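Trainee: model this:
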Amino acid sequence: MKPTDSSPPSVAVVIPSYKVTRHILQVIASIGDDVDHIIVVDDACPEGSGKLVESGCSDPRVCVVYHAQNQGVGGAVLTGYQRALELGADIIVKIDGDGQMDPALLPNFVAPIAALEADYTKGNRFYDLRNIGQMPAIRLFGNAALSFMAKVSTGYWDLFDPTNGYTAISARVAALLPFERISRRYFFETDLLFRLGTFRAVVVDIPMDARYGDEVSNLRIGKVLTEFLLKHGRNFFKRVFYSYFLRDMSLASLELLAGCALVLFGAVFGLYHWGLSVSTGAPASTGTVMLAALPLLVGLQLLLAFLAYDIASVPRKVLSSRLGRRLRGH
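Mentor: Purely as a prediction, here's the structure:
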């Protein structure tokens, strides 16, 4: 796919299917003619989503892939990515089969990738504040917390709503992904952002409205917050090591090291002498207080400078424009 091509890019839609029999046929019927392939991945669905699609849908664009064992939404999407690459798609869109995502918005997700303005696009339900009231309060709070953690761990500081599953990706970039390392379940969307960040792919938010009907969500925000926090912490340290010490070293690398060292010294020194003062009843001298406070203040300033550099380093140069059509197949 090149910006000078006269023919439109080939688009494949991946629909992970697990307990979505009430909605999936309607979702497929709503997908427009600008899509070339519709890949339904039956993730060992106990309701038989795949069989329902095969028996109830005559659309020649549809193919059904079956998992013998449930692999989670991430596993289903990655299987769909693999099939889309085999079919020669240029852009791969992922939508859910539960009716929450409007297929009419699909061109909005495809256009920035086709124009080589993005490598990956994802939905954001928080653009229009008038529509946020539709979102249940627990989801609103959970998404705000998860969004902040995702900004820190992925380095995409300008993105929000990281667990939004309405996405599109350039096949060139999808072919780079380490499929075997990406989280298979609810952490999939955020872990994928982390992997894209290691390639410095350009990611763009697409405004969309949330639609809530009688669908059943299997995601429990309270249950996953702790799990997500640990995984975000792991990805953050990986990202910092990859970006600032393994692949490159810059002034920001030195600011981070010096800032951490000074804050640690100031905190340990200050706590030690505070405890000593409490136990002896003798107040710490002015020099001792300054020797604890000054490293803390300087260290915090260095860490803030590092943070400012990190925020300003969000990828801006589209990766897919520098790649061949597809670097490898799956």
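Trainee: can we go C-alpha only for contacts and neighbour counts from here?
Mentor: Noted.
Trainee: pLDDT weak spots in this structure?
Mentor: Along the chain, the model assigns pLDDT under 70 to residues 1-6, 131-135, 210-224, 324-330.
Trainee: Show me the strands in it, by range?
Mentor: For the chain, the strands defined by DSSP state E occupy 11-17, 37-42, 62-66, 91-94, 120-124, 167-170, 203-207.
Trainee: could I get those strands as TSV with mean neighbour count and distance to residue 266?
Mentor: Converted to TSV, these look like this (neighbours: other CA atoms under 10 Å; distance: least, CA to CA, whole Å):
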stretch	mean neighbour count	distance to residue 266
strand 11-17	28	51
strand 37-42	25	55
strand 62-66	17	57
strand 91-94	27	49
strand 120-124	26	41
strand 167-170	26	45
strand 203-207	21	39
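Trainee: wait, doesn't residue 90 sit right on residue 11?
Mentor: Yes - when contacts are counted by CA atoms under 8 Å, residue 90 is listed as touching residue 11 (6.0 Å).
Trainee: Let's have the strands of the chain in JSON lines, adding distance to residue 227.
Mentor: Below are the strands of the chain laid out as JSON lines (distance: least, CA to CA, whole Å):
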{"stretch": "strand 11-17", "distance to residue 227": "23"}
{"stretch": "strand 37-42", "distance to residue 227": "26"}
{"stretch": "strand 62-66", "distance to residue 227": "28"}
{"stretch": "strand 91-94", "distance to residue 227": "24"}
{"stretch": "strand 120-124", "distance to residue 227": "23"}
{"stretch": "strand 167-170", "distance to residue 227": "23"}
{"stretch": "strand 203-207", "distance to residue 227": "24"}
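Trainee: Mind checking the ones you listed for the one nearest to residue 294?
Mentor: For residue 294, the closest of these is strand 203-207, at 39.7 Å, according to CA to CA.
Trainee: Neighbouring strands of the closest one in the sheet, and parallel or not?
Mentor: Sheet pairing of strand 203-207 (DSSP bridges) gives strand 120-124 (parallel).
Trainee: Just the CA coordinates for the strand it pairs with, please, in CSV.
Mentor: Taking Å, rounded to 0.1, in the frame of the first residue of the first chain, the C-alpha atoms of strand 120-124 are listed here in CSV:
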residue,chain,number,x,y,z
TYR,A,120,-2.5,2.1,14.4
THR,A,121,-5.8,3.7,15.3
LYS,A,122,-8.0,3.1,18.3
GLY,A,123,-11.3,4.3,19.6
ASN,A,124,-11.6,6.9,22.3
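Trainee: counting contacts, what elements does the helix ranked longest in the chain pack onto?
Mentor: For the chain, the helix that runs over the most residues, judged by DSSP state H, is helix 251-280. On a contact count with 3 or more CA pairs under 8 Å, 6 or more residues apart in numbering; DSSP states H and E, helix 251-280 meets helix 286-312.
Trainee: Could you check the angle the helix it packs on makes with helix 251-280?
Mentor: Interaxial angle of helix 286-312 relative to helix 251-280 (axes from the mean of the first three to the mean of the last three CA atoms, to 10 degrees): 150 degrees.
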